[in-house]
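Engineer: I need the structure of the sequence given here:
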Amino acid sequence: MATFDEVWERIAACAGETFHQIRGGEFTYEVVGNHVVPDRTNHRIPRSHFREALDLVPLGSTVPVQHLRGLSYIFAILMDLRIRQGAW
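Structural biologist: All right, here's what the predicted structure looks like:
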């Protein structure tokens, strides 16, 4: 399993690329400080929420992360092959 810092670096490196939500919505995001800011919402998703969600991967649905802000974005980013890189 990759460390969280490695995963965060992957997330930052993929900023600006297109990702797909579980229901098909497309989005891009930018990393601003310790937050992911998707282009389809005004919410800023804290780095700490990705850290917490990483303990739950692999995710089969958004249910395990429903207590986190931006759950559909967290799911889409963490379950994307560019971020997973075969680690989960």
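
Engineer: Now name the helix or strand holding Val31.
Structural biologist: strand 29-32 (DSSP states H and E).

Engineer: What residues sit buried inside that strand?
Structural biologist: Tyr29, Val31 (16 or more other Cβ atoms under 10 Å). Glycine gets a C-beta too; all of them are placed from N, C-alpha and C.

Engineer: name the helices or strands packed onto it?
Structural biologist: strand 35-38 (3 or more Cβ pairs under 8 Å, 6 or more residues apart in numbering; DSSP states H and E).

Engineer: and the gap between Thr62 and Arg23?
Structural biologist: 10 Å (Cβ to Cβ, to the nearest Å).

Engineer: what does Arg10 give?
Structural biologist: With the distance defined as Cβ to Cβ, Arg10 ends up 23 Å from Arg23.

Engineer: Contacts for the strand holding Val31, please.
Structural biologist: With Cβ atoms under 8 Å, 6 or more residues apart in numbering as the test, strand 29-32 has contacts from Ile11, Ala12, Ala15, Gly16, Phe19, Val36, Val37, Pro38, Asp39, Arg44, Tyr73, Ile77.

Engineer: let's see 6 Å
Structural biologist: Strand 29-32 is touched from outside by Ala12, Ala15, Val36, Val37, Pro38, with contacts defined as Cβ atoms under 6 Å, 6 or more residues apart in numbering.

Engineer: quick one, which of Thr62 and Arg23 is more surrounded?
Structural biologist: Thr62 (19 against 8; other Cβ atoms under 10 Å).

Engineer: For the chain, give me the ranges with low pLDDT.
Structural biologist: For the chain, no stretch has pLDDT under 70.

Engineer: Skip ahead from the helix of greatest length in the chain and say which helix or strand is next.
Structural biologist: For the chain, the helix that runs over the most residues, judged by DSSP state H, is helix 4-13. The C-terminal neighbour of helix 4-13 among helices and strands, as given by DSSP H and E, is strand 19-20.
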